[in-house]
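K.L.:
Sequence first, then the predicted structure, then my questions.
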Amino acid sequence: MSAPMIAILDDEPQIRQMLSDALGEAGFRTASFGRATEFEAALSRTAPDVCLVDLGLPDKDGLALVHRLALESGASIIIISGRAQVQDRVTGLELGADDYIIKPFEPAEVVARVRARLRKGREAGTAATTAHFEGWVAYFDRYVLEASDGREVPFSHAEGEVLRLFLESPKRLVSRAQMQESLGGAAGESFDRAMDVRISRLRTKLDEDPRNPRLIKTIYGAGYIFLGDVSWS
């Protein structure tokens, strides 16, 4: 089995080289790009396991690229950016990134975060990939929800992690602490807000009434409960 492929998109050559060296020493394959157009062209030919994406790109909006990757790619997405404001981190996570690392950083931290994302991916890869619940089918191998009328609704990698967490624990309280432990990322306001947005989007995709959702219930001050019956295949 070949080593995992890590795609690096950053317009600073020194950053690309530092990341390539650190990840290469850790046993990963890497491909580096300085422009979004080169990166997107490469994605049409190969599928990386993890994408490291800088937001300050010379030719395209980094956040828009992250959002498109989250919807169209099965890769984990880690933003690496000099934007340190909480709102920047929240926006990146809301748009589908799995993690957010602020520049300057230690290369060892990036390697550790990459390993963590790959570990979660392996755990998901050994699990069942299809869940049936309340007239819906969730296909985690291709990130699609199928309604009872055959309509297909795509979901992002990040939204899929939250959905799987609920579907694996139906009719049981899932606390914020459990979500943070299971999904990773730093606890705090940015994590909480990102989870709120992902859950809101899942409710919309499941045709839930936002004022009175029947499947994903908020237990204020405690967490969430998924109320549907679930079977896996």
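P.N.:
The structure has been received and is ready for your questions.
K.L.:
Which helix or which strand is home to L19?
P.N.:
Element membership for L19, per DSSP states H and E: helix 13-25.
K.L.:
how far out from the middle of the chain is that helix?
P.N.:
Distance of helix 13-25 from its chain centroid, counting by CA atoms, centre = their mean, to the nearest Å, is 23 Å.
K.L.:
tell me the mean pLDDT over whichever helix or strand comes after it?
P.N.:
Downstream of helix 13-25, the next assigned helix or strand under DSSP H and E is strand 29-33. The average pLDDT within strand 29-33 is 96.
K.L.:
From the contact counts, what lies against strand 29-33?
P.N.:
strand 5-9, helix 13-25, helix 36-43 (3 or more CB pairs under 8 Å, 6 or more residues apart in numbering; DSSP states H and E). No exception for glycine: its C-beta is placed from N, CA and C like everyone else's.
K.L.:
want to throw those into CSV with distance to G96, mean neighbour count and mean pLDDT?
P.N.:
Formatted as CSV, the helices and strands packed on strand 29-33 follow (distance: least, CB to CB, whole Å; neighbours: other CB atoms under 10 Å; pLDDT from 0 to 100):
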stretch, distance to G96, mean neighbour count, mean pLDDT
strand 5-9, 15, 24, 96
helix 13-25, 21, 16, 96
helix 36-43, 15, 16, 93
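K.L.:
possible to save the ones you listed as a markdown table with distance to D59?
P.N.:
Output for these, formatted as a markdown table (distance: least, CB to CB, whole Å):
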| stretch | distance to D59 |
| --- | --- |
| strand 5-9 | 11 |
| helix 13-25 | 15 |
| helix 36-43 | 5 |
